[in-house]
Every structure is written in structure tokens, then in C-alpha cells.
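Participant: prediction below, plus the sequence it came from.
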Amino acid sequence: MFILNYSRNHKIKPLLHRLKKFSATILSIIFFGCSIWKSATSEFNAYFNTYYNAKVIFEQVEEVIQNRTFSEKFLSIEKFDAELQLPPNEKNKLDDVIKKCSKILQYYINTSISDDALLMIGKSYFYQDNFTGAERKFAELISTFPNSKLYDEALYYLMLTLSKEKKYNDATISFQAKAKIEQKNKNLWKLYKIYGLAKFKLGEIDSAIHYLNLASKQAKGEDKAEILFYLGELNEKIDKTESAKFYYETSKLTKRTNLKIYSLIKYATQQRELGNYKLAERVLHDLLYSNIDKDYEKRVYLELARNYRMAGEIDLAIQTYTYLDTTYKRTEESAFGYFELAQIYENEIGNYDSAKVFYEKARLEFPQSKISNEAQRKVEKLNEYIRHRTSLAKNDSILNFIKLNPDSSVSINVDSLKDQIAQTKYALAWIFYTSLNKIDSAIYYLNEIIKNHPQSSIAPRSYYLLGTIYEDIDSSKSREIYKELVKNFPESEFASQVIKFIGIEGNFKKDTLTELYNKAISLIDEDPNKAIEILYSICNHNSNSNLKAKAYYAIGWINEYKLKNFAKAVEHYSAILNNFPNSEYAKIVERKLNPEKQEATPQTKQSTPTPQPEKKQEIKPASKETEEELEDNPRVRERKRRRIDDN
């Protein structure tokens, strides 16, 4: 807000000047008679009464405005251009001021108070939030009375009016075009102040600081205290030491109780940010002992709890947050208290269930608070985490039961259950990485998938995310993970991304899908389960349909003839009919699954062909480019911007 500086003595001077003129009129009456005396007296009384009454009413309204300004509890540079919100009865008084001053300008335009009448009309419009009318009157005064002592004040209010209208560029242009930059100009600080504030709104922070510093050197008293407070705010993210200094100087200079208390609270927060926890704690405790207003008291407890937390005194922080939340219910400070208490349980303690409870309270405590929406997002993420955690525990328990009781009558597809477990682990890794900022936990679950579920459908994505995480931790480790991804899942979409953007294609000898298939076939008699694992890796790739159909057929054949698991055999034979209906293997399994559809013939019964090795295709020589050469000529690493995210 702005501070009024209008002196009551200002209204006397033009009146005295007018009286001098009136004395000359008296002398003339000696020569021109009593009729002139009567007319002059009547004119003077009307002129004087109109101006005097307007002035008295206007000063009464300005006193109300000044009291409202001084009683403001939380000064902020962000709100300097906020609407005044003057009570309706005060706005009505200003209508009378406008009427009287307009009469003066109509009948006494050439008198010494015309400029003051214009200024009162402009400021009355300004206080009524009629910025168009105010802008017009201030501009009229500046152009009509360029030598007036009210010129600088009119320019100040013109710039402030433009700022209220969000015309910050126009405000700065007005300063540059109209300000009288002279050392003897004692009102220049006001123009520097509003110019600096407009620069702040335009995002030119350095310029704003420069001009507010200039203003602070000339301003005095409460005007200077307000400017110093603004400088404290502007320096919070630039120079915390300077910010703390400005807040402390404000507290020493101002006589406004509210501004003194708030500047000390801000001073303590800056000392906390500087690591001076004991000093900050002492300042905050001193404020609590000074019997301050409850609006400040709850803010002090919030800052004190934050101070304890940053100082590592978690128990004291929890106690202070709890006191705040129970003593000052349904306030914005208690909403922040619950939110930050939840953060402690989430980040420092690792108790996500308690964290969710406090985030929920933060969401409901003060719904209009800006922290409410963030608390809602946190609740949703933790609900998702808890849901996946519960699902993982349940499925792990079922899998362990099946392992311990192989002869149990429980009918569950174990492979499907394992894949579901892998999917859940990936979901947990993603939540830890993107929402909870727990990188170690994300890495743990991704390694779990790679180690215990290497052939699951989520394995390629897990390699990819793990490599992404390690890019910021250990680039060489990240590169090794990407190599494993391309080696084990060369046809996956994630491998394609790595090859395209990371630039490691051809740096190592990799097994082709045909080689993997042949390797699996060679293991059918020796290790059928291992053969199935390898075949699954082919099924999970975006390989050619014929080879995938062949892999499904081989898995079904192994289950039927080697493992005697007929249910699994039927499952994989059916997959061929569903996914590869036009393949040669679809015709084979059709005879096995639907024999009643085949025409009866006297021919010899057809046997089921045994899976045979795939003929090797000629492979082009690998690139001779060495890893060292690639390191010397890295490709543009755009992968981060094109991360495949199906979440």
C-alpha cells in the first residue's frame, strides 16, 4: 500500500495568498462604494467555503485510508497495486469532494488553488477505484500546471493509477518522459519508489532494487521503513544476508506495531535460511513473549516449527506443529502445519501411512489455502503407493504359498501371477522415482524386476528407467544398463530409443532372435524350463510374427511333451490361434485343439512336429566404430525429452 504524506499546512498557504488579493480588493472599495464591497464579500465567502469544506472532507477520508494502511498486518510488495476497498460511506464523501472541487474549477479556474482542486478530484477518483477518471485528472494537472508544486505528487499518483490498471509499461514511460530528475527535488524519492515497483511487476528485479535503493536514501520515517521492507522481499532469493539486514532496519525504523512484528518474523526466517537457527529461534521466542496479536502468533509458531525441522530437531518440530494445528484450527497456518508434518513423516521418518493421514488433514483444514490442492495430489499418490504395496504383499504371499504347497488344489496361473508381481514392482519404482523422490527405493524395485523377473513383459521398461535414473548418478553405469537392454531385448521399443538417441548400437556382439531361438531348442532335453525362459524373451519382443508364433508353439510343445503340463500347453497353443491365425503353426494347433472340426479321413494320423532350429540368416558385419570413438563423438542426447512413459 502507499502512505499518505499530505500536510495540513498545505491548505493554508493558498488561502493566505487569496487573502492578500482580497486586501487589495478592500482598498478599491474605498473608491467604488459599498455595493462593490458587498459583492466582493459574497464572492470570497462562497469561494472560501467551497474550497475549505472540500478540503476538510477530503482530509477526513485520507485519515481513514492512512489508518487502514497502518493497520495492515502482512505488508507485501505483491499487493502494492491491490484495490483499496474503501468503505461505501467514505466513497460517498468523496462524491461531495468531487462536486465542490469541480465547482471551484468551473468558477475560479484562474485562482491559486486550481491545481489543488484538480489533484483532489484525481485522488478522489483513485480512492473510489475509478482509475480512468483519476488518470485523466492527473494528466490534466501535469499538462496544465507544469510548474506547480503538486506536479511530482500528480505524477506519482498517475504512475500508481497506471499500475493499478496493470499498465506497468505505461507507468515506467510516464516516469521517463515526465519526471524532473533534479537533486533539489525533494519528492523524487516517491517517483523512484513507484518506478521501482512497476519494474518489479515487469520482472526486472535488479532495476527494481536499484530504484528502491535510490528512494530509500531520500525517504524518511514510515515511507523509508516501507521501502526497506520491499527491499527485504526482493533480496530474499538473491542475497539472504542483505534481505535480513533490510528487515532488521525496517523493524528498528518503523513505529507501526504490525510492520515491526512482521519485519522481525521475516528477519528470523532469513536467519534460518542462512543456517543461524539459534538466532532465529531467539527472535521468534522473543516475539511470543511480547504478547503479540494471535494472527502473528500462529505465524510465529509455524516459523518456529520450520526452524526446528531445518535444524534437525525433528521431535521439537513435531511437537510445535502439533501445538499449532490443535491451537489454531481452521487457519491457513494450521493447514501448512499439517502439510509440513506430513512431509516429516514421508521424508524424514518414512511412515507413508501417517504421512497420508496428515496430508488428508491439510487438504481439509483450510480449503481455500493454496496448499490444499498440493495436499490432494499427495494423498492421491500415497493412496496409489499403498494400493500397490498391498497388492504386492498379497501376491507375494500367494506365490510363497504355492511354492511351499506344490500339491495344493489352488488353481492359479503362476506365470501370470509372477508377471503381475513384476508390474506392481515397476509401479512402485515409478512412484518412488517421480512422486516420492526416493531414488534408492526406485532402484531397488527395478533391480528386483531385472534379477527375479528377467523375462517379464515389464523387464525392458525396467532396464530403460534404471538407465535413466543412473544418468544423473553414474553415467558409465547407465551406459552398461542400456547395453544390457539392447542385448537382451533388441527388438523392444525401449531398445530402439536407446539405439536412436544414446548411440551405442554395434558396440558389442549381441545375440539375434534367431540365435536365441536356436539356443532354446538346443536346451529342450537338457533344461526345458530354461528353454521356455529364452522363448518367452522372444515372445515379448516386437519381432516378426512368424518367429513369435514359432516360439509360442515351442513353449506349448515343451509343456505338452516334456513337462506334461497340458493346461499350459493349451494356453500357448490358443495364443497362436488368437494372435497368429494365418501362420502355419495355427493350422497345426487347430487340429490339436479342435479335432472335431477336422474331416474324418482314412489317412494315417498326423503327428505333431517337433520344434526345429531356425536357419541362420546372413548377418551384416558389425560396425567397426569403437566405444572410445563413440565417446569422442557423442550423439545428441535427446532421450530425456522423449522418454517413453506409459504411466
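Facilitator: It's in.
Participant: tell me where the model's unsure across this structure.
Facilitator: Low-confidence segments of the chain (pLDDT under 70): 1-47, 409-410, 503-512, 541-545, 596-608, 614-647.
Participant: quick check, central residue of it?
Facilitator: residue 374 (9.3 Å; C-alpha atoms, centre = their mean).
Participant: once you drop chain neighbours, what's closest to it?
Facilitator: Closest residue to residue 374 apart from its sequence neighbours, by C-beta to C-beta, 6 or more residues apart in numbering: residue 339 at 7.2 Å. Where C-beta positions appear, they are placed from N, C-alpha and C, glycine not excepted.
Participant: ok, that neighbour to residue 382 distance?
Facilitator: Between residue 339 and residue 382 the computed distance is 13 Å (C-beta to C-beta, to the nearest Å).
Participant: picking up where we left off before, the residue nearest to residue 374 is in what secondary structure piece?
Facilitator: Element membership for residue 339 (DSSP states H and E) is helix 332-343.
Participant: so how far is stretch 531-539 from its chain's centroid?
Facilitator: 46 Å (C-alpha atoms, centre = their mean, to the nearest Å).
Participant: which residues touch that stretch?
Facilitator: Contacts of stretch 531-539 with the rest of the structure, by C-beta atoms under 8 Å, 6 or more residues apart in numbering, involve 454-455, 488-489, 513, 516-517, 519-521, 523-524, 547-548, 551-552, 554-555, 558-559.
Participant: about what we covered before: now the residue nearest to residue 374: how far from residue 353?
Facilitator: From residue 339 to residue 353 the distance is 16 Å (C-beta to C-beta).
Participant: which one of the two is surrounded by more residues?
Facilitator: Taking neighbours as other C-beta atoms under 10 Å, residue 339 and residue 353 compare with residue 339 leading, 22 against 11.
Participant: so that one is in contact with residue 376, correct?
Facilitator: No - between residue 339 and residue 376 there is no contact, the gap being 10.9 Å when judged by C-beta atoms under 8 Å.
Participant: skipping adjacent residues, who's closest to residue 540 in space?
Facilitator: Sequence neighbours aside, residue 457 is the residue nearest to residue 540 in space, at 5.4 Å (criterion: C-beta to C-beta, 6+ apart).
Participant: scratch that, residue 502
Facilitator: Nearest to residue 502 is residue 482, by C-beta to C-beta, 6+ apart, at 5.6 Å.
Participant: run a quick neighbour tally on the one you found.
Facilitator: Using other C-beta under 10 Å, the number of residues around residue 482 comes to 27.
Participant: equivalent analysis for residue 146, please.
Facilitator: 10.
Participant: the one 4 residues further on too?
Facilitator: Neighbour count of residue 150, defined by other C-beta under 10 Å: 19.
Participant: identify the residues contacting it.
Facilitator: Contacts of residue 150 by C-beta under 8 Å, 6+ apart are 115-116, 119, 141.
Participant: how about residue 382?
Facilitator: 346, 352, 355-356, 359.
Participant: before we move on, back to that, buried residues, the helix holding residue 339. List them.
Facilitator: Going by neighbour count (16 or more other C-beta atoms under 10 Å), the buried part of helix 332-343 is 332-343.
Participant: ok, stretch 93-108 next?
Facilitator: So stretch 93-108, judged by 16+ other C-beta under 10 Å, has buried residues 93-94, 97-98, 100-101, 103-104, 108.
Participant: cool, and stretch 522-533?
Facilitator: The neighbour-count check on stretch 522-533 (16+ other C-beta under 10 Å) flags 523-524, 528, 531-532 as buried.
Participant: could you do stretch 575-595 as well?
Facilitator: Across stretch 575-595, burial judged by 16+ other C-beta under 10 Å covers 575-577, 580, 583, 585-586, 588-590.
Participant: what's the farthest-apart pair in the contacts of residue 150?
Facilitator: 116 and 141 (9.3 Å; C-beta to C-beta).
Participant: got the domain boundaries for the chain?
Facilitator: 1-12+44-219, 378-502, 513-594 (automatic domain parsing).
Participant: you'd agree residue 449 is up against residue 424?
Facilitator: No - the criterion here is C-beta under 8 Å, and residue 449 misses it with residue 424 at 9.9 Å.
Participant: now do the contacts for the closest residue to residue 391 other than its chain neighbours.
Facilitator: Nearest residue to residue 391, sequence neighbours excluded (C-beta to C-beta, 6+ apart): residue 424, at 5.3 Å. By C-beta under 8 Å, 6+ apart, the contact set of residue 424 is 388, 391-392, 395.
Participant: same deal with residue 306?
Facilitator: 269, 272, 317, 340.
Participant: in strands, which of those appear?
Facilitator: Applying DSSP state E to the contacts of residue 306, no entry is found in strands.
Participant: which stretches of the stretch 1-150 of the chain form strands?
Facilitator: In chain order, the stretch 1-150 of the chain shows no strands, with DSSP state E, counting those that start in this stretch as the criterion.
Participant: name the element residue 295 belongs to?
Facilitator: Using DSSP H and E, residue 295 maps to helix 294-310.
Participant: before we move on, what about residue 392?
Facilitator: helix 371-404.
Participant: the nearest residue to residue 90 once chain neighbours are set aside: neighbour count?
Facilitator: Leaving aside its sequence neighbours, residue 90 sits nearest to residue 61 (C-beta to C-beta, 6+ apart; 5.2 Å). By other C-beta under 10 Å, 22 other residues sit near residue 61.
Participant: from what I can see residue 61 touches residue 95, true?
Facilitator: No - at 10.8 Å, residue 61 and residue 95 do not qualify as touching, with contact defined as C-beta under 8 Å.
Participant: who touches both of these two?
Facilitator: Counting by C-beta under 8 Å, 6+ apart, the shared contacts of residue 61 and residue 95 are residue 124.
Participant: so what's the residue count around the closest residue to residue 253 other than its chain neighbours?
Facilitator: If the residues on either side of it in the chain are set aside, residue 253 comes closest to residue 225, at 4.4 Å by C-beta to C-beta, 6+ apart. Around residue 225 there are 24 other residues, counting by other C-beta under 10 Å.
Participant: is it true that residue 225 touches residue 254?
Facilitator: Yes - counting by C-beta under 8 Å, residue 225 touches residue 254, with 3.8 Å between them.
Participant: ok, residue 349 - contacts?
Facilitator: Contacts of residue 349 (C-beta under 8 Å, 6+ apart): residue 314.
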